[in-house]
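**Q** 3D model of this:
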Amino acid sequence: MKQLKKKFAVFDIDGTLFRSSLLIELVEALIKEGYFPAKARKMYEEEYNLWLDRRGSYNAYIEKVVEAYVQNIRGLYLKDIQEVAERILLLHHSRIYRYTRDLIKKLQKEDYFMLAISHSPYHIVEPFARKWGFQKVYAQYYEVGGEGRFTGKVQFLDFILRKDRVLERAIEKENLKLTGSIGVGDSDADAAFLNMVSRPIAFNPSSGLYRMARRKRWKIVVERKDVIYTIK
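**A** Below is the predicted model of the structure:
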């Protein structure tokens, strides 16, 4: 008997569910706990200040944070990173947006297969997403070599950077159906999977995603402080 395909919802994590960046939280914690040198912060400090002063882009800032992570993760033990990630989640797992939190709970009650796609490191995204009931998690997977140490390489990078390809893979592997599917994201990169689903939602969108959402007449939801509203 042929198995029925499952309805699904796909979410970005950073800036969509989590009210910050799991990558940034991880890098800052690794510096604070002495796993990364203090000078690692200097790699992204300038871009951070430019972004804070509205003279630079968030993408430029986050790219420098990624560089700091890649350059300093090599040689560290997986178990140490997992322990740091666990401590971060104990403190911050509830630092989330109300709109996406409530939507996730609603979709879970309606038996949606819950899928998360993120560009942050897998070893912090996976436990965070599992805490919120996601059944499948895709994120950047940093290679672990002999003795459980990171090599500094990212596995399948070209694949994970294309969120549409990731979703196509998940649909095939998990026996999912696009009919009735829901997608929620906040950045230009999320447009790749939002283009595929039946009900795309641009949540607190970047300027690029906002323009695309208006052009394609996607639902746009904004949450600021204690107010949630939809842009028509």
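**Q** going by C-alpha atoms from here, please, whenever you check contacts or count neighbours.
**A** Will do.
**Q** and the helix or strand of the chain with the lowest mean pLDDT, what does it pack onto?
**A** Using mean pLDDT, DSSP states H and E, the weakest-scoring helix or strand in the chain turns out to be helix 157-160, at a mean of 90. Contacting helix 157-160 under the criterion 3 or more CA pairs under 8 Å, 6 or more residues apart in numbering; DSSP states H and E are the following elements: strand 136-144, helix 163-174.
**Q** the closest residue to residue 28 other than its chain neighbours: neighbouring residues, count only.
**A** Using CA to CA, 6 or more residues apart in numbering and skipping residues adjacent in sequence, the residue nearest residue 28 is residue 41, 7.8 Å away. Other residues near residue 41 come to 18 when the count uses other CA atoms under 10 Å.
**Q** one more: residue 127?
**A** 18.
**Q** please renumber so the chain begins at 239
**A** Okay, residue one is now 239; in that scheme the one you just asked about reads as residue 365.
**Q** and it, what helix or strand is that in?
**A** Per DSSP states H and E, residue 365 falls inside helix 360-369.
**Q** ok, residue 317 next?
**A** Here residue 317 is assigned to helix 316-330, by DSSP H and E.
**Q** tell me how many other residues surround the residue nearest to residue 319 when sequence neighbours are not counted.
**A** Leaving out its chain neighbours, the residue that sits closest to residue 319 by CA to CA, 6+ apart is residue 361, at 7.6 Å. The tally of other residues near residue 361 (other CA under 10 Å) stands at 20.
**Q** ditto for the one 10 residues further on
**A** Other residues within reach of residue 371 by the criterion other CA under 10 Å amount to 16.
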